[in-house]
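J.: Mind looking at a prediction? Sequence and model below.
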Amino acid sequence: MKKIISILFVSIFTATSAFSAGMVGIKLGYGELEATKNAITNTPAALTEAAETKNIDHEYGAIFAEVNLGDSPVSLGLEYIPITGTLSVANGNDTDASLELSDHTTLYALAAKELSNGASVYGKIGYSMADIGNVKQSNGTTTINSHSDDLEGVMAGIGVQSAEFSNLALVARLEATYTEYDDVSVNTTDADGLAETKKASDINLTTFTVSLGKKF
């Protein structure tokens, strides 16, 4: 995915330079990721696992680039989180496990409406992707045989953008987004040879961010 990200960023920067109508910037904020592990019915019933919902929240940073579509209020953009996050479940038993999410990238379209004071409000919709790796069992005797390699889903967001700061061509944004991801799964085998496919559904990410961008 890193190669694809590089190509996309170069394309957006090139378009921005050619048409002098775009923006690059950085954003900082807070995100909460939530997911539900589906229930598993086993024989004997003592091995049945109930559904369970977990969430994790943390601060994060991202970089983005956008290019305007002519004189329209619509822009195309790409956002990239250049850090790897470790998610873990640690209950002190055989379910202890962890994984890493990396290269979280969102391709999006943004439509803005300018206000009388020079500021604007906007909505955006896009598609988010992240790599899943280094999935491991931290405790117990369960063996992980295979797992989903990526996390993908649809993103929607709203925000407000300030007017330009003096002659610096800088703008600030306040934004909220919600991403609904596809289900992911992991195939495991325990010490007794019991094979299971564990699935996570209702995976969603809610973010609140502030960003600073420079127009070109």
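T.: Yep, that arrived.

J.: do you know how far the spatially closest residue to residue 169 that is not a sequence neighbour is from residue 100?
T.: Closest residue to residue 169 apart from its sequence neighbours, by CB to CB, 6 or more residues apart in numbering: residue 215 at 4.3 Å. For glycine as for every other residue, the C-beta is placed from the backbone atoms N, C-alpha and C. Here residue 215 is placed at a distance of 35 Å from residue 100 (CB to CB, to the nearest Å).

J.: repeat for residue 122
T.: With CB to CB as the criterion, residue 122 and residue 100 are 32 Å apart.

J.: Between those two, point out the one with more neighbours.
T.: More neighbours surround residue 122 than the other of residue 122 and residue 100, with 19 against 16 (other CB atoms under 10 Å).

J.: what residues are up against that one?
T.: Contact partners of residue 122, counting by CB atoms under 8 Å, 6 or more residues apart in numbering, are 110-113, 158-161.

J.: Could you point out the helix or strand that follows the helix or strand where residue 108 lies?
T.: Element membership of residue 108, judged by DSSP states H and E, is strand 97-114. Heading C-terminal from strand 97-114, the first helix or strand you meet, by DSSP H and E, is strand 120-137.

J.: Now do the helices in this protein.
T.: Along the chain, the segments classed as helices by DSSP state H run 2-19.

J.: In this structure, what helix or strand scores lowest on average pLDDT?
T.: Taking mean pLDDT, DSSP states H and E as the measure, the helix or strand of the chain with the lowest value is helix 2-19, at a mean of 60.

J.: Low-confidence stretches in the protein?
T.: Across the chain, the ranges flagged by pLDDT under 70 are 1-20, 38-48, 51, 88-97, 138-140, 166, 192.

J.: any chance you could map the strands in it?
T.: Listed in chain order, the strands found in the chain under DSSP state E are 22-37, 52-68, 74-81, 85-89, 97-114, 120-137, 143-147, 150-161, 170-181, 184-189, 195-215.

J.: Output the contacting helices and strands for the last one.
T.: Okay, so that is strand 195-215. Packed against strand 195-215 by the contact rule (3 or more CB pairs under 8 Å, 6 or more residues apart in numbering; DSSP states H and E) you find strand 22-37, strand 52-68, strand 150-161, strand 170-181, strand 184-189.

J.: Alpha carbons only: can I get it in CSV?
T.: What follows is the C-alpha trace of strand 195-215 in CSV, where atoms were taken according to Å, rounded to 0.1, in the frame of the first residue of the first chain:
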residue,chain,number,x,y,z
ALA,A,195,-10.7,-24.7,15.4
GLU,A,196,-12.7,-21.4,15.4
THR,A,197,-13.3,-18.5,13.1
LYS,A,198,-13.7,-15.4,15.2
LYS,A,199,-15.3,-12.4,13.5
ALA,A,200,-15.5,-8.7,14.4
SER,A,201,-18.4,-6.6,13.1
ASP,A,202,-19.8,-3.2,13.7
ILE,A,203,-16.3,-1.7,13.4
ASN,A,204,-16.4,2.0,13.4
LEU,A,205,-14.1,5.0,14.0
THR,A,206,-15.2,8.4,15.2
THR,A,207,-12.8,11.3,15.0
PHE,A,208,-12.7,15.0,16.0
THR,A,209,-9.8,17.0,14.6
VAL,A,210,-8.3,20.4,14.1
SER,A,211,-6.2,21.1,11.0
LEU,A,212,-4.1,23.8,9.4
GLY,A,213,-3.8,23.9,5.6
LYS,A,214,-1.9,26.0,3.1
LYS,A,215,-3.6,26.9,-0.2
